[in-house]
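**Q** predicted model and sequence below, questions to follow.
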Amino acid sequence: MIEICNVTKSYGPLTVLHDVSLVIPEGKIMAIVGPSGAGKTTLLQIAGTLDRPDSGEVRFDGRDLFSLKDRKLSEFRNRNIGFVFQFHQLLPEFSALENVAMPALIAGKSRSAAFDEARALLDRLGLSHRLSHKPAELSGGEKQRTAIARALINSPRIVFADEPTGSLDSANRKEIQQTITRLREELGQTFVVVTHDRHMADTADTVVEMADGKIV
């Protein structure tokens, strides 16, 4: 589905990615592992179009995404890519239901359709009793399941997850691992997961190891 072709990225004098190429298959879980500073998160951000490479291409179904203007790229990202972050990045002033519905509203869906889809996703993830709760009232695992629901609201082709279990205790880590695996099985959802958690990596179909800005 996604081809990362000869991508290089530097920040000032520091080269973070060195001529990296990678193919991400559809309907699979790919884990990207490696020590801190290996370039994992930078690679994920470029693959997810949150950052642009200095050189190289990211092709989605053969289309070079960085040939798009910023507005078109933002629209493409909203409709095709979901994101889950280590610290969930839920908006604290909004309920779980409102947080999940937000990307659908941004995409132009009606309020009723967006909220209906958000309810269905939260119910699927076992959170139907938490719809009106704000993030401060949710457990760590509940926050991440809410973040996963938000990532799925626009039926993206792929979800990028950056250390989704990194801030959780062992019970909640297992819960999130099982949730991602179940969504791959039930929905055919594609996931790319950056992780230090070897148990998370063990659930993946493919494990890619990075070191010093290169794929080992």
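**A** Cool, the structure landed. Numbers count the residues shown, from 1 in each chain.

**Q** where do the strands sit along the chain?
**A** For the chain, the strands defined by DSSP state E cover 2-11, 14-24, 29-33, 55-60, 63-64, 81-84, 158-162, 190-194, 206-211, 214-215.

**Q** which parts of the protein are helices?
**A** Secondary structure of the chain (DSSP state H): helices located at 40-47, 70-80, 96-106, 111-124, 140-152, 170-187, 198-202.

**Q** list the buried residues of the last one.
**A** Across helix 198-202, burial judged by 16 or more other CB atoms under 10 Å covers 200-201. Where you see a C-beta, it was placed from the backbone N, CA and C, and this is true even at glycine.

**Q** contacts for that helix?
**A** With contact meaning CB atoms under 8 Å, 6 or more residues apart in numbering, helix 198-202 is reached by 31, 33, 164-165, 173-174, 177, 193, 195, 207.

**Q** the second one too?
**A** The list of residues contacting helix 70-80 from outside it, by CB under 8 Å, 6+ apart, reads 48-50, 60, 65-66, 68, 103, 106-107, 154, 156-158.

**Q** look at the most centrally placed residue in the chain and report its pLDDT.
**A** Central residue of the chain (CA atoms, centre = their mean): residue 160, 2.2 Å from the mean position. Note on residue 160: pLDDT of 94.

**Q** with residue 36 instead?
**A** pLDDT recorded at residue 36 is 85.

**Q** check the gap between it and residue 166 for me.
**A** 11 Å (CB to CB, to the nearest Å).

**Q** ditto for residue 145
**A** Separation of residue 145 from residue 166 (CB to CB): 15 Å.

**Q** show me which of those two is the more surrounded one.
**A** Neighbours were counted for residue 145 and for residue 166 using other CB atoms under 10 Å; residue 145 has more, 26 against 15.
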